[in-house]
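K.L.:
One predicted model, sequence on top.
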Amino acid sequence: MKTSRFHLSTMKETPADAEIVSHQLMLRAGMIRRLASGLYTWLPLGLRVLRKVEAIVREEMNRAGALELLMPAVQPAELWQESGRWEQYGPELLRLKDRHGREFCIGPTHEEVITDLFRREVKSYKQLPLNFYQIQTKFRDEIRPRFGVMRAREFVMKDAYSFHLDAESLQRTYDDMFTAYSRIFDRFGLDYRPVAADSGAIGGNTSHEFHVLADSGEDAIAFSDGSDYAANVEMAEAICEQKRGEPTQDMHTVDTPNAHTIEEVCALLGLPAEQTLKTLIVRGDPGEDGNGPELVALCLRGDHELNAVKAEKLPQVAAPLQMADAEHIRSVIGCDIGSIGPVGLNLPVIADRCAAALADFVCGANENGKHLTGVNWGRDLPEPEVADIRNVVEGDPSPDGKGRLGILRGIEVGHIFQLGDKYSRAMKAEVLDENGKARTVTMGCYGIGVSRVVAAAIEQNHDDRGIIWPMALAPFTLAICPINYHKSEAVRNEADAFHAWCLEQGIDALLDDRPLRPGAMFADMELIGVPHRVVFSDRGLQAGNFEYKGRSDEASENVALERLKAFVREKLD
RNA sequence: CGGGGUGUAGCGCAGCCUGGUAGCGCAACUGCUUUGGGAGCAGUGGGUCGGGGGUUCGAAUCCCUCCACCCCGACCA
């Protein structure tokens, strides 16, 4: 490809509304253009990368025995009503009506459609297991689309759905998918981690997320330095090593005017946050009979953070988690937030393991401007119910007992999940077993955010000059930069001949034949992240050399012209 | 949805407070010079100042309204 025939559309300045580096670089490099909120056009340069991601995904899915198909983006409401998700899904589901007034949605995912297909197509256990996948455009009407294609409303996803007669078969395919995903992310050349994710009510290791590691990632993942344990912070179990000490202090009330936060209380009393207890008041779950608690108190050590996912799984707590409002708290407890504590509190009290292990701690006195010191469970107030309700922090022991936890940030690009019979039961997807009896099948589903992978690769691999593509994802693998292409016949001949050779060899080479000065040419090739660069100039040719530089090399090197083809082959292999 | 902010040329911005008919840099186009790290000079084109309404002799500027976009959003006890 020659730049003069490729719509290379780079920008020197960063568009003001792009917040994160991948979004900025994708705009500056001319990979994408915004059409409306959360909707993007992929320009030729960006599409080349997207297609490379797709190709690797497709090859590895095929290798793992999955079968590609393609389902419609628009889906009839009846299927969603059948699964119950027409009501459950909420405003993220884009709904529309056709000219006859029939209701449809634009698919955010395809469990209903694939399950419907399956029940019409497959009748016998002999046809199982089956694993279908597609690479297709999805639409989710996000509350707040942002970060370019990282969190777009319309995006490209690979979604796969497997069908099985029993749990063992599902587990085998699940393991195959785990292996295939690992191969896919290995081939991308990205630094990634599979992590255990919310395993839900079924129990066991039924879900893994694949995260591309990047400091800007939206998810926190916890991993052990002593084993291969890795889990989303949302679900990583927080263990308390400390044993509660004996009380050594009496309980006292102290004046703490204007001290509302843990930080302010600690500064005032000269204590570390680890010696304090904070009390959060959340809405209770009224339960089926309506006799559940209206409010519930959750106690954490002062330096810890509440984990909402864990908290809302508690039977007393309303899901989704809702903090009580200030007015409500004042009417029930009689003080403002900032002065609440569990002593004498007429609410169910649930303490995190570490909060329950405190002795002689400081907490709010349920009276504005006052705190209690030297408080001890069992002596000054009843023993609390104990639960794991905090986020793990750096240095916590690993839940598998091996090593300590570190925290990394990641971008979720893949998710594999054992669905069970949620959809197959609701939609009566059954096959006949060996006894001729109808059996409901069990399902797995497996997603990869194809367009998000592109953004995540950039988040992980860039410098102040632009993108640094891993070889497998680069839109072009080799940039040919001739200096004075339009003036020097020798340079032009050499560059054209080499370019032609590259095409024969199947090398994605980009020849920059624009009449630009070298600096401008180099800057563009670095911005779009081409991994290898070859320069031809009169000066070099006269000395019998060409110049080579890898995208992340410090300096360029001069290489003898005779070695050109062998040298390039070596670099690309 | 709530809070905050921004809409002026393809991109980045100034002008608005204190009304007087729109400007800078980059990009684009033409010509000449230049050619190893985003060249120089000269010239050219491109804007119903987000839309609508109002005030005024006169509105990018003041007022009202709608729209779009961006950011933040219970970890506080």
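P.N.:
Structure received. Numbering: from 1, shown residues only, chains lettered A, B, ... in the order given.

K.L.:
interface residues of the stretch 1-150 of chain A facing RNA strand B?
P.N.:
A:10-17, A:19, A:36-38, A:143-147 (C-beta under 7 Å from any atom of the strand). From N, CA and C alone the C-beta is placed, and that goes for glycine too.

K.L.:
Please, a ChimeraX command that selects the buried ones among those?
P.N.:
The following ChimeraX line selects those of those that are buried, judged by 16 or more other C-beta atoms under 10 Å:
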select /A:10,38,145,147
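
K.L.:
residues in contact with the residue in the stretch 301-450 of chain A that RNA strand B sits nearest to?
P.N.:
Residue nearest to RNA strand B within the stretch 301-450 of chain A: A:Ile337 (2.4 Å; C-beta to the nearest atom of the strand). Neighbouring residues of A:Ile337 by C-beta atoms under 8 Å, 6 or more residues apart in numbering: A:His260, A:Ile281, A:Ala326, A:Ile329.

K.L.:
one more time with 10 Å, if that's ok
P.N.:
A:His260, A:Thr279, A:Leu280, A:Ile281, A:Met323, A:Ala324, A:Asp325, A:Ala326, A:Ile329, A:Arg330, A:Gly364 (C-beta atoms under 10 Å, 6 or more residues apart in numbering).

K.L.:
Also A:Arg172?
P.N.:
Per C-beta under 10 Å, 6+ apart, neighbours of A:Arg172: A:Pro129, A:Ser162, A:His164.

K.L.:
dump the residue contacts of the last one.
P.N.:
It refers to A:His164. A:125, A:128-131, A:170-174, A:418, A:424, A:431, A:441-444.

K.L.:
do the second one as well
P.N.:
Residues counted as contacts of A:Ser162 (C-beta under 10 Å, 6+ apart) are A:65-66, A:114, A:128-133, A:169-170, A:172-174, A:176-177, A:416, A:418-419, A:441-446.

K.L.:
how about 6 Å then?
P.N.:
A:Asn131, A:Thr173, A:Gly444 (C-beta atoms under 6 Å, 6 or more residues apart in numbering).

K.L.:
how about low-confidence regions in the stretch 401-550 of chain A?
P.N.:
For the stretch 401-550 of chain A, applying pLDDT under 70 flags no range at all.

K.L.:
ok, 90 please
P.N.:
A:401, A:422 (pLDDT under 90).

K.L.:
which parts of it sit against RNA strand B?
P.N.:
So far as C-beta under 7 Å from any atom of the strand goes, the stretch 401-550 of chain A lies against RNA strand B at A:465, A:483-484, A:486-487, A:515-520, A:522-524, A:526-527, A:535-537, A:539-540, A:547, A:549.

K.L.:
6 Å instead?
P.N.:
Contacts of the stretch 401-550 of chain A with RNA strand B, taken as C-beta under 6 Å from any atom of the strand, map to A:465, A:483-484, A:487, A:517-520, A:522-524, A:526-527, A:535, A:537, A:539-540, A:547, A:549.

K.L.:
Can you pick out the ones from these that are in strands?
P.N.:
A:Val535, A:Glu547, A:Lys549 (DSSP state E).

K.L.:
quick check, A:Trp87 in a helix?
P.N.:
Check again: residue A:87 is Glu, not Trp. Yes. Counting by DSSP: H, G, I helix; E, B strand; the rest coil, A:Glu87 is found in a helix.

K.L.:
Just the buried residues of stretch A:527-540, please?
P.N.:
A:527-538, A:540.

K.L.:
got it, and stretch A:382-401?
P.N.:
Under 16+ other C-beta under 10 Å, the buried positions of stretch A:382-401 are A:Pro384, A:Val386, A:Ala387, A:Asp388, A:Ile389, A:Arg390, A:Asn391, A:Val392, A:Asp396, A:Pro397, A:Ser398, A:Pro399.

K.L.:
Residues in a beta bridge with the most centrally placed residue in chain A, which ones?
P.N.:
For chain A, the residue nearest the mean C-alpha position is A:Glu412 (1.7 Å; C-alpha atoms, centre = their mean). With DSSP bridges as the criterion, A:Glu412 is bridged to A:His211.

K.L.:
Name all residues that make contact with it.
P.N.:
A:Glu209, A:His211, A:Asp219.

K.L.:
May I have the phi/psi pair for the residue lying closest to A:Glu459 once chain neighbours are set aside?
P.N.:
In this structure, A:Glu459 finds its nearest non-sequential neighbour in A:Ala214, 4.1 Å apart by C-beta to C-beta, 6 or more residues apart in numbering. Here is the backbone geometry of A:Ala214 (degrees, to the nearest 10): phi -160, psi 140.

K.L.:
And A:Ala214, how far from A:Arg193?
P.N.:
Counting by C-beta to C-beta, to the nearest Å, the gap from A:Ala214 to A:Arg193 is 11 Å.

K.L.:
now do A:Lys565
P.N.:
In this view, A:Lys565 and A:Arg193 are 39 Å apart by C-beta to C-beta.
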